[in-house]
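> Here is the input, now give the coordinates:
(one chain, ligands or ions: 1)
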Amino acid sequence: MSESFTGPAVDIRDLVVRRGRRVVLHGLDLRVRTGSITGLLGPSGCGKTTLMRAIVGTQIVESGTVTVLGEPAGSVALRRRVGYVTQSPSVYPDLTVRENIRYFAALYGRPASAVAEAVETVGLGDYGDDRTGELSNGQRGRVSLACALVAEPDLLVLDEPTVGLDPVLRADLWGRFAELAAAGTTLLVSSHVMDEAEHCHELLLMRDGDLLDVLTPTALLTRTGESSLEHAFLTLIREREGAQP
Ligand SMILES: Nc1ncnc2c1ncn2[C@@H]1O[C@H](COP(=O)(O)OP(=O)(O)OP(=O)(O)O)[C@@H](O)[C@H]1O
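All right, here's what the predicted structure looks like:
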């Protein structure tokens with residue numbers, strides 16, 4: 001973690017993003033606490049990926065400001081401090097699993113032990129010497145995740161990192177995310193399955209390009225009187241829709 005920065009890891013003011021003919025983010029205001037695991041949750045198409053792209057600086061924004069670790073999103077100073085794993089794996093198919101991860105480790109000056117740890121974290125210990133192009137889609141996604149993990153950036157932005165993973169691996173990954181957060185890393189993790197929300201410190205609940213609420217999983221349950229996060233989110237949506245003029 002970088003020493004001097006004490007503000008929120010992400011600070012967004014009045015963010016408007018248009019994609020094609022559609023305005024997909026309608027003036028969002030939000031903050032992501034440094035050292036937290038923040039879940040970005042909402043139905044398919046609500047704008048989670050677009051928001052993540054704005055945070056990592058790959059999205060053209062119409063108006064508003066996105067400040068990341070105290071710098072404007074996308075600035076050169078952030079290149080090594082922000083990791084982003086998209087839903088489509090970006091790995092070198094001709095390299096083996098270990099070579100891919102080693103390449104990123106070298107770029108970020110990380111030791112060989114970090115490579116071995118990253119391979120194990122994503123459950124690919126038996127595939128370290130396999131060519132990445134010969135793996136399944138889910139396995140390739142895990143290589144991509146390992147490449148981001150090995151760099152140990154200050155902010156990790158992960159777009160649906162647990163899709164298609166078995167329950168054991170998902171639990172292991174959330175355990176690793178918790179360790180990283182405890183060490184000061186900020187994680188912003190999107191998901192459209194609410195059962196993942198329980199692993200997060202804070203939830204950003206999105207719907208149709210707007211932020212419905214920002215609260216902890218416990219607060220979501222308490223506020224709605226529900227016992228499952230899935231139901232709680234639905235109840236919250238119905239309340240808000242009912243409250244609209
Ligand atoms: N390449 C694109 N060009 C134009 N519009 C787009 C493009 N990608 C997404 N959109 C629009 O932006 C909206 C938000 O998309 P986004 O990918 O951010 O949603 P999401 O919440 O990440 O969805 P999912 O959970 O399915 O990945 C969509 O409803 C779609 O209309």
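> need the contact list for P111.
By Cβ atoms under 8 Å, 6 or more residues apart in numbering, the contact list for P111 reads A105. All C-beta atoms are positioned from the backbone trio N, CA, C, and that covers glycine.
> Could you check the pLDDT of it?
Note on P111: pLDDT of 93.
> Quick check: residues of the chain near the ligand?
19-20, 22, 24, 42, 44-50, 192 (Cβ under 6 Å from any ligand atom).
> now the helices: where do they sit in this structure?
In the chain, the helices defined using DSSP state H lie at 48-56, 97-107, 112-121, 137-151, 167-182, 217-224, 229-243.
> how about CSV for these, with mean neighbour count added?
As requested, those are exported to CSV (neighbours: other Cβ atoms under 10 Å):
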stretch, mean neighbour count
helix 48-56, 23
helix 97-107, 21
helix 112-121, 18
helix 137-151, 23
helix 167-182, 16
helix 217-224, 16
helix 229-243, 15
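> Now render those as CSV, adding distance to H201.
Below are the helices of the chain laid out as CSV (distance: least, Cβ to Cβ, whole Å):
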stretch, distance to H201
helix 48-56, 17
helix 97-107, 27
helix 112-121, 20
helix 137-151, 19
helix 167-182, 7
helix 217-224, 8
helix 229-243, 14
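> do you know which of those lies nearest R131?
Nearest of these to R131, taken as Cβ to Cβ: helix 97-107 at 8.3 Å.
> what about the closest one, average pLDDT?
pLDDT averaged over helix 97-107 gives 95.
> From the contact counts, what lies against that helix?
helix 112-121, helix 137-151 (3 or more Cβ pairs under 8 Å, 6 or more residues apart in numbering; DSSP states H and E).
> hmm, who's touching it?
Residues contacting helix 97-107 (Cβ under 8 Å, 6+ apart): 91-92, 95, 110-112, 114-115, 118-119, 124, 127-130, 132, 135, 143, 146-148, 150-151.
> Compare the helices of the chain and give me the one nearest Y84.
When the helices of the chain are compared (using Cβ to Cβ), the closest one is helix 48-56, at 4.4 Å.
> For that closest one, name the packing helices and strands.
Counting by 3+ Cβ pairs under 8 Å, 6+ apart, helix 48-56 packs on strand 10-19, strand 22-32, strand 37-41, strand 63-68, strand 82-85, strand 155-159, strand 186-191.
> Compile those into a markdown table and extend it with columns for mean pLDDT and mean neighbour count.
A markdown table is the format used below for the helices and strands packed on helix 48-56 (pLDDT from 0 to 100; neighbours: other Cβ atoms under 10 Å):
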| stretch | mean pLDDT | mean neighbour count |
| --- | --- | --- |
| strand 10-19 | 98 | 18 |
| strand 22-32 | 96 | 17 |
| strand 37-41 | 96 | 25 |
| strand 63-68 | 98 | 18 |
| strand 82-85 | 94 | 23 |
| strand 155-159 | 96 | 23 |
| strand 186-191 | 95 | 25 |
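> any chance of those strands in JSON lines, plus distance to A106?
Output for the helices and strands packed on helix 48-56, formatted as JSON lines (distance: least, Cβ to Cβ, whole Å):
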{"stretch": "strand 10-19", "distance to A106": "28"}
{"stretch": "strand 22-32", "distance to A106": "29"}
{"stretch": "strand 37-41", "distance to A106": "28"}
{"stretch": "strand 63-68", "distance to A106": "25"}
{"stretch": "strand 82-85", "distance to A106": "15"}
{"stretch": "strand 155-159", "distance to A106": "19"}
{"stretch": "strand 186-191", "distance to A106": "23"}
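> So for R207, which of these sits nearest?
strand 37-41 (9.7 Å).
> what comes into contact with the closest one?
32, 48, 51-52, 177-178, 181, 186-192, 194, 196-197, 199-206, 233.
> That one - which strands sit beside it in the sheet, and in what orientation?
strand 186-191 (parallel), strand 202-207 (parallel) (DSSP bridges).
> Name the spans of this structure whose pLDDT lies under the cut-off.
Within the chain, the stretches with pLDDT under 70 are 1-5, 243-245.
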